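1. Build me a model:
(one chain, ligands or ions: 1)
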Amino acid sequence: MERQSWLSQLLYTGAAVGGAACAAVAARNLQRVLRARSRIKVLLAASAGTDARVVITGATGGIGQELAEQLLRNPSVHLLLGCRDHLKAQRLFQSSERTKVHRLDLLDPDSVQAFADEAHLFLAGGESGLRMLVNNAGVMRPPVSQSKGDSTWQTNFLGPFLLTELLARLRQKQQPSPVRVVHVSSRLEKRSQLDHHLLDAVTRGEVGENPYADSKRGLMLWTGIPRLWNVQAFCFLCVVREVHRACELR
Ligand SMILES: NC(=O)c1ccc[n+]([C@@H]2O[C@H](COP(=O)([O-])OP(=O)(O)OC[C@H]3O[C@@H](n4cnc5c(N)ncnc54)[C@H](OP(=O)(O)O)[C@@H]3O)[C@@H](O)[C@H]2O)c1
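-> This is a model prediction of the structure:
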């Protein structure tokens, strides 16, 4: 009997400590979200200009949807959202007249090409203001049905690479002013062991053990290459700060 009450007391204490820890983590995360929202508001007020145009990939949920919603709070922001499930995106943003949705499947090069053309027209139009592309869409574990071995690389690296390069070339021809590009990477890229052997294997379709970390590392390495126009790669947890830096370059 005594042992039973000792056990239940232990369980009770464990549950109380666990509950308090969860509450503390939730409070800290909430604080971070609120801080990020208020920073976005402040930076847009300073950098949007009269007609800010931002392209975001993958805005049917998660970070992309939240970013789109926060950007739309500024009345000078117009958005073009590239989404695989464009009907879902249309439903989510149907109340916003300043949002256009276009189909984009990063696994399909034709779809990326068509979206790059659309994004170019969108960014070239309107009055002066911030011009930005946020390569947000990504996958950690692609659905089994899609897994031909390289769909993580295709979604996280090849798709954004193709989109960004196509857009850069289109803009360079007609529009010398740069577009700011933010790639949503991940802290997990630190686990990558990408080297030229692995890269060669990837091109043969042998993606190794950690395609998520490797594809995000690839994204950051490519972005680090100096070029004529401005591309910047940033880690997910710093998205707001880095969007801020990109805006400050205007
Ligand atoms: N959440 C995290 O903790 C975390 C941490 C570090 C980095 N990240 C990075 O942050 C980004 C967003 O993550 P999230 O957590 O917000 O993910 P999420 O909620 O799963 O959203 C991912 C978005 O990408 C889209 N997408 C996936 N595959 C696509 C494809 N082939 N073509 C076009 N769109 C595609 C999804 O569209 P569908 O609705 O059609 O699937 C969805 O809109 C990713 O790049 C991810 O790697 C996230």
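2. name the element Arg39 belongs to?
-> helix 2-47 (DSSP states H and E).
3. Please compute how far that helix lies from its chain's middle.
-> How far helix 2-47 lies from its chain's middle: 25 Å, per CA atoms, centre = their mean, to the nearest Å.
4. packing partners for the helix or strand following it?
-> Remark: after helix 2-47, the chain's next helix or strand is strand 52-57, criterion DSSP H and E. Where contact means 3 or more CB pairs under 8 Å, 6 or more residues apart in numbering; DSSP states H and E, strand 52-57 is packed against helix 62-71, strand 77-83, helix 109-124, strand 131-135. Quick note: C-beta positions are derived from backbone N, CA and C, even for glycine.
5. what's strand 52-57 in contact with?
-> Strand 52-57 is contacted from outside by 44, 64, 67-68, 71, 74, 76-83, 104, 106, 119, 122-123, 125-126, 129-137, 160, 163, using CB atoms under 8 Å, 6 or more residues apart in numbering.
6. Now the terminal residues of stretch 42-58, how far apart.
-> Length of stretch 42-58, first residue to last, CA to CA, to the nearest Å: 24 Å.
7. Please identify the residues of this protein in proximity to the ligand?
-> Neighbours of the ligand within the chain, by CB under 6 Å from any ligand atom: 58, 60-64, 83-85, 104-107, 136-140, 155, 184, 186, 236.
8. hmm, 5 Å instead?
-> Within the chain, the positions adjacent to the ligand are 58, 60-63, 84-85, 105-107, 137-139, 155, 184, 186, 236 by CB under 5 Å from any ligand atom.
9. Write the PyMOL selection for whichever of those are buried.
-> Typed into PyMOL, the line below selects the buried ones among those, using 16 or more other CB atoms under 10 Å:
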select buried, resi 58+60+63+84+105+106+107+137+138+139+155+184+186+236
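10. May I have the phi/psi pair for the nearest residue to Phe93 once chain neighbours are set aside?
-> Among residues not flanking Phe93 along the chain, Thr99 sits closest, at 4.3 Å (CB to CB, 6 or more residues apart in numbering). With angles defined as degrees, to the nearest 10, Thr99 sits at phi -120, psi 130.
11. For Thr99, give the beta-bridge partners.
-> In this entry, Thr99 is beta-bridged to Leu79, by DSSP bridges.
12. separation between it and Ile225?
-> Going from Thr99 to Ile225 by CB to CB, to the nearest Å gives 32 Å.
13. next one: Ser128
-> Ser128 is 29 Å from Ile225, by CB to CB.
14. So for the two, which residue has more residues nearby?
-> Ser128 (11 against 7; other CB atoms under 10 Å).
15. Help me confirm that that one comes into contact with Asp51.
-> Yes. With contacts counted by CB atoms under 8 Å, Ser128 reaches Asp51, the gap being 6.7 Å.
16. Mind listing the shared neighbours of these two?
-> By CB under 8 Å, 6+ apart, no residue touches both Ser128 and Asp51.
17. got JSON lines for the helices and strands packed on strand 52-57, with mean pLDDT too?
-> Putting these into JSON lines (pLDDT from 0 to 100) gives the following:
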{"stretch": "helix 62-71", "mean pLDDT": "93"}
{"stretch": "strand 77-83", "mean pLDDT": "98"}
{"stretch": "helix 109-124", "mean pLDDT": "96"}
{"stretch": "strand 131-135", "mean pLDDT": "92"}
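18. Point out the one among those that comes closest to Leu221.
-> strand 131-135 (14.7 Å; CB to CB).
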